[in-house]
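**Student:** Have a look at this prediction, sequence included:
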Amino acid sequence: MSFEHPPEITVLYFAAAATATRLDSERIPIPAVDGLPLSSLAQVLATRHASTDLGRVLATSQWSVDEEMVDDVSAIVLKGGEEVAVICPVSGG
């Protein structure tokens, strides 16, 4: 008997997001039928890491999907297999 695992995405954390989660990456299961809108991912991750300030970090971050920066998060639905990076703001002078 074979059991299918739900589709997953890999989330990569950098800078403040990595500090908040204490992770460089993690795999997140997503709904098999409809996928997961990228616009909903911040809430999923903030809920997963509720005891951290990840939600605040994500509020000012951008996203890349499969190494491509995303301008319109509402236009992307994650189906599984994607690599999603949290791109935190960088300050410098």
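**Tutor:** Noted; the coordinates are in hand.
**Student:** Let me see the contact set for residue 34.
**Tutor:** By C-beta atoms under 8 Å, 6 or more residues apart in numbering, residue 34 lies in contact with residue 77. Glycine gets a C-beta too; all of them are placed from N, C-alpha and C.
**Student:** so what's the backbone phi/psi at it?
**Tutor:** Dihedral pair for residue 34: phi -100, psi -10, per degrees, to the nearest 10.
**Student:** can you check residue 63 too?
**Tutor:** The phi/psi pair for residue 63 (degrees, to the nearest 10) reads phi -130, psi 150.
**Student:** and what of the one 3 residues further on?
**Tutor:** Summarising the backbone geometry of residue 66 under the convention degrees, to the nearest 10, its torsions are phi 50, psi 50.
**Student:** How many residues are close by it?
**Tutor:** Residue 66: 10 surrounding residues under other C-beta atoms under 10 Å.
**Student:** pretty sure it contacts residue 83?
**Tutor:** Yes - using C-beta atoms under 8 Å, residue 66 is in contact with residue 83, at 5.6 Å.
**Student:** and residue 92, what pLDDT?
**Tutor:** The confidence metric pLDDT takes the value 58 at residue 92.
**Student:** what's the answer for residue 5, then?
**Tutor:** Turning to residue 5, the model gives it a pLDDT of 77.
**Student:** which one is it nearest to, not counting chain neighbours?
**Tutor:** residue 29 (7.8 Å; C-beta to C-beta, 6 or more residues apart in numbering).
**Student:** what are the phi and psi values for the residue lying closest to residue 62 once chain neighbours are set aside?
**Tutor:** In this structure, residue 62 finds its nearest non-sequential neighbour in residue 87, 4.4 Å apart by C-beta to C-beta, 6+ apart. Taking degrees, to the nearest 10, you get phi -110, psi 100 for the backbone angles of residue 87.
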